[in-house]
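In: fold the following, please.
(one chain, ligands or ions: 2)
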Amino acid sequence: MKVLEAEFMKGFIRMADDGWKMGWHERNGGNLSYRIKKEEAAQVKSDFAPSGWKNIDASVPMLAGEFFLVTGSGKFLRNAVIAPEDSLCIIEINEDGEQFRIVWGLVNGGRPTSELPSHLMNHQVIKQKTNNVYRVVYHAHTTNIIALTFILPLSDEVFTRELWEMATECPVVFPSGVGVVPWMVPGGRDIAVETSRLMEKYDVAVWAHHGMFATGENFDLTFGLMHTVEKSAEILVKVLSVRPDKLQTITTQNFKDLSDSFKVTLPEQFLKP
Ligand code: 13P
Ligand code: ZN
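Out: Ligands and ions are numbered 1, 2, ... in the order given. Sure thing, here's the model as predicted:
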């Protein structure tokens, strides 16, 4: 089968296009990666043409031998739908998890996203954390979350609690909460280490003054998670634009009742009065 005929490719392109339509991917902003299932890779392998090995700038031994579909660096996510073979690539990780090679795509040259270290280190963490279930890592420049990083303290507790309070279903959609990375230089190993450390606890990491990373089992759940967190941030921006304090909100007791009803465990850390 040709790579472009594969279902995972169609799902990936739809997600990139949906993110563009949400306004999260100005210019080349944002990037996406998918850890391809063994049987999916086997179906399209005849379409691969491997190039040379290159350093990842991160060590991901738990991903040795895996294939990933990723966006290209400098590529606009809005173009994934019209020219996937120019915008995207499939990479293979070598046997010690230090190098990758492009096996498909980027037909006009280029390299995988500059955030490849963050994507792969996150994949390594979530693969272990979820016992091989999570496969998608998504980075988007979500307007309202970015705005909040200028006016809220950059702590996991404050961001989680404020976002949970903005919509009743939030603690059900992201019960473990969200982590916050202070401003750091993007595109390298250091920010990758910080972000992947947060992914051990959370499915979402906020990058101060930059955007967000969301992880999940499939395209729908990961996109839905990004959308839910960003929508909650939008409500908070609206509330704070009207007045600096809330007249009423969802209380700690409300969250406890919700966790009983919906059978989700909410960390004590976020249930302080
Ligand atoms: P890339 O074009 O290299 O993916 O970078 C975009 C981005 O959002 C960096 O954080
Ligand atoms: Zn970015």
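In: switch to C-alpha atoms for all contacts and neighbour counts from now on
Out: Fine.
In: now do the residue nearest to residue 112 when sequence neighbours are not counted, the pLDDT please.
Out: Nearest residue to residue 112, sequence neighbours excluded (C-alpha to C-alpha, 6 or more residues apart in numbering): residue 72, at 4.2 Å. What the model reports as pLDDT for residue 72 is 98.
In: look up phi and psi at residue 72.
Out: The phi/psi pair for residue 72 (degrees, to the nearest 10) reads phi -80, psi 150.
In: so who does it touch?
Out: Contact criterion C-alpha atoms under 8 Å, 6 or more residues apart in numbering gives 31, 87, 88, 89, 106, 110, 111, 112, 113 as the residues in contact with residue 72.
In: equivalent analysis for residue 168, please.
Out: When the contact criterion is C-alpha under 8 Å, 6+ apart, the partners of residue 168 are residue 250.
In: give me the three-state assignment for it.
Out: Assigned state for residue 168: coil (three-state reduction, DSSP: H, G, I helix; E, B strand; the rest coil).
In: give me the distance between the single nearest residue of the stretch 151-273 of the chain relative to ligand 1 and residue 117.
Out: The shortest separation between the stretch 151-273 of the chain and ligand 1 is 5.7 Å, found at residue 186 (distances taken as C-alpha to the nearest ligand atom). Using C-alpha to C-alpha, to the nearest Å, one obtains 10 Å as the distance from residue 186 to residue 117.
In: show me which of these two is the more surrounded one.
Out: The neighbour comparison of residue 186 against residue 117 (other C-alpha atoms under 10 Å) goes to residue 117, with 23 against 14.
In: what's the helix or strand for the more buried one?
Out: When secondary structure is defined by DSSP states H and E, residue 117 falls within helix 116-129.
In: how about residue 34?
Out: Residue-wise, residue 34 maps onto strand 31-35 under DSSP H and E.
In: could you say what helices and strands that strand packs with?
Out: Based on contacts counted as 3 or more C-alpha pairs under 8 Å, 6 or more residues apart in numbering; DSSP states H and E, the elements that strand 31-35 packs against are strand 67-71, strand 136-140.
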